[in-house]
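Engineer: just the structure for this:
(one chain, ligands or ions: 2)
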Amino acid sequence: MTNLSGSISRERILVVDDSAATREVLQRNLSSKGYHIFTASDVEEAFHILGKEKFDLVITDLKMPKISGLELIKYVRENLANSGIMMITGYPSINGAVDAMKSGAEEYLVKPFTDEELFSTVERVLDKLHKRHLVNSAVVLAKKHGIIGQSKPMQEIFRLIDKATSTDAIVLISGESGTGKELVARAIHYGSSKCSAPFVPVNCGAIPDNLLESELFGHIKGAFTGACETRAGFFQTAEGGTIFLDEISDTTLPMQTKLLRVLQNKEICMVGSSRARRVETRILAASNKDLSLLVKKGLFREDLFYRLNVVNIVLPPLRERESDILLLLRYFSEKSAKAEGKQPLRFTDETLQVLIRYSWPGNIRELENFIQRLVIMLDRETVKPTDLLPSMRYSLPQSGVYKTLAEAEVEHIQNVLDSVDGNKTRAAEILGIDRKTLREKLSHTRDSSSSNPI
Ligand SMILES: Nc1ncnc2c1ncn2[C@@H]1O[C@H](COP(=O)(O)OP(=O)(O)OP(=O)(O)O)[C@@H](O)[C@H]1O
Ligand SMILES: [Mg+2]
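Structural biologist: Ligands and ions are numbered 1, 2, ... in the order given. Modelled structure (predicted):
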């Protein structure tokens, strides 16, 4: 299987079943997919093997002579945090399946199952395991230039940052709001030979247009009313270092003309002076708007766009970086927890599913704020889907994981029973069936959890 970082891995799976036929079918099918398969014919043998070897996944039958699969599930859950567990059962029995899920099996598979069902269930458990591992365990965080990320798109970003640090070329950094444009700009500056000189960020959109020119280039005494003395601008402050022209799309066309002149000649004119001065300042620029689109609309100078667009780093939105969402959840949860004197958050599989599917319109900034709020507000460490914002839960598709009708029925009956504290009369009423039918469904499923042949 291909894991989140895209590398091919050979996961180790232990199959525990008293039926030789089932063991053989599983071994043959799963080996053909590249998994490394071990088998045991009962729970005792499984304990023995688990004491010696490490596994990514344990697949166990439920009903076996001597010790039940449930014992094995409990053992794995309590002792082997890095292993997934999947149960095979003869029928989606209310007791068997629910007990198995309660005791910690990630998934269960009902016999008879197709090869496809087997593969997709195994992949689902391993995928959950991998996500849980990234977000909850103390592996070293993939961090470069102070930037968290290990997804394919981020590896490409790191490559571009490395290139950008070894040249003085202008770099245009684009991407949605909160994707880390300023972080990348800082990484380029501090990784470059100019790192000991200042890094000066200028938010072009936040400075009133009539002030921007003098803020950038400085002014001489008497240049305008209120210019009581000569003052240096950001370009001079950043001399020998880097100026970061943030939100460059927000500049007016006349200002763009002045910037173009600086970019072409490497010279600036202080406001009120006609003397051009040379500046040795590296220029980085960022925009969260599509500059080529603004050029088409006549809102951005085409020649300035080409000047800026020598090296373009386009930051992908968070929703396109699944594995990074997991790393960032952990990074910010550890950071906030430390600041608050609390333990880092832990995320259930269901919570992770919601957070991965959420579209994160504010990207990393939104994720950071969200985690900070959770750390402060929650009185426990485990984050459940109900702790998330309704807008996040709303974005979860209705049918994330497909269940068979029989499985859905089992789950629904159990939920209703739980909600009425096991009162069968009330449960039957809510379910719209009579007590006898409910009793039949319960006893039928209870009896038939023996291991059927596949
Ligand atoms: N990959 C990352 N790893 C760790 N922190 C990150 C990462 N990307 C962004 N951040 C953090 O997220 C926040 C937003 O990042 P930044 O200000 O660089 O985004 P931006 O693209 O400049 O946003 P805007 O368009 O709103 O200006 C910052 O606190 C930054 O430190
Ligand atoms: Mg920014």
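Engineer: in the protein, what spans have low per-residue confidence?
Structural biologist: Residues of the chain meeting the criterion pLDDT under 70: 1-9, 91-100, 138-142, 395-404, 407, 443-454.
Engineer: how is it partitioned into domains?
Structural biologist: Per automatic domain parsing, the structural domains of the chain span 12-136, 152-315, 319-394.
Engineer: the longest one vs ligand 1: in contact?
Structural biologist: Same thing as domain 152-315. Yes - judged by Cβ under 6 Å from any ligand atom, domain 152-315 and ligand 1 are in contact via 175, 177-183, 288. Backbone N, C-alpha and C define where each C-beta goes, glycine included.
Engineer: can you tell me which of those residues end up in strands?
Structural biologist: Gly175 (DSSP state E).
Engineer: all helices for the stretch 301-450 of the chain, in order.
Structural biologist: Using DSSP state H, counting those that start in this stretch, the helices of the stretch 301-450 of the chain run over residues 302-308, 322-340, 349-357, 363-377, 390-394, 405-419, 424-431, 435-447.
Engineer: which parts of the first one are buried?
Structural biologist: Neighbour counts over helix 302-308 (16 or more other Cβ atoms under 10 Å) mark 304-305, 307-308 as buried.
Engineer: count of neighbours near the residue of the stretch 301-450 of the chain found nearest ligand 2?
Structural biologist: With Cβ to the ion, the shortest gap between the stretch 301-450 of the chain and ligand 2 falls at Arg365, namely 8.8 Å. Neighbour count of Arg365, defined by other Cβ atoms under 10 Å: 14.
Engineer: run a quick neighbour tally on the nearest residue to it once chain neighbours are set aside.
Structural biologist: Spatially, and ignoring its direct neighbours in sequence, Arg365 is nearest to Gly178 (3.4 Å; Cβ to Cβ, 6 or more residues apart in numbering). Residues lying near Gly178 (other Cβ under 10 Å) number 21.
Engineer: is it correct that Gly178 is in contact with Gly362?
Structural biologist: Yes - Gly178 is within contact range of Gly362, at 4.9 Å (criterion: Cβ atoms under 8 Å).
Engineer: how about the nearest residue to the residue with the largest distance to the centre of the chain, chain neighbours excluded?
Structural biologist: Here the centre of the chain is the reference, and by Cα atoms, centre = their mean the most remote residue is Gly222, at 54.3 Å. Distances taken as Cβ to Cβ, 6+ apart place Gly272 nearest to Gly222, at 6.6 Å, with adjacent residues excluded.
Engineer: how close does that neighbour get to ligand 2?
Structural biologist: Taking Cβ to the ion, to the nearest Å as the measure, Gly272 and ligand 2 are separated by 31 Å.
Engineer: got a list of what that residue touches?
Structural biologist: Listed by Cβ atoms under 8 Å, 6 or more residues apart in numbering, the contact set of Gly272 reads 219-224, 227.
Engineer: who's in contact with Thr425?
Structural biologist: Shown in contact with Thr425 (Cβ under 8 Å, 6+ apart): Arg435.
Engineer: one more time with 10 Å, if that's ok
Structural biologist: Shown in contact with Thr425 (Cβ atoms under 10 Å, 6 or more residues apart in numbering): 434-435, 438.
Engineer: now tabulate the residues you listed in JSON lines and tack on neighbour count and distance to ligand 1.
Structural biologist: As requested, these are exported to JSON lines (neighbours: other Cβ atoms under 10 Å; distance: Cβ to the nearest ligand atom, whole Å):
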{"residue": "Asp434", "neighbour count": "12", "distance to ligand 1": "58"}
{"residue": "Arg435", "neighbour count": "12", "distance to ligand 1": "57"}
{"residue": "Leu438", "neighbour count": "19", "distance to ligand 1": "52"}
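Engineer: spatially central, which residue of this protein would that be?
Structural biologist: What sits nearest the mean C-alpha location of the chain, by Cα atoms, centre = their mean, is Ile325, with 1.6 Å.
Engineer: for that one, which non-adjacent residue is spatially closest?
Structural biologist: Excluding its sequence neighbours, the residue lying closest to Ile325 (Cβ to Cβ, 6+ apart) is Ile356, at 5.7 Å.
Engineer: for burial, what's the neighbour tally of the one you found?
Structural biologist: 16.
Engineer: quick check: it touching Ser323?
Structural biologist: Yes - using Cβ atoms under 10 Å, Ile356 is in contact with Ser323, at 9.4 Å.
Engineer: any common contacting residues for the two?
Structural biologist: With Cβ under 10 Å, 6+ apart, Ile356 and Ser323 have common neighbours Lys131.
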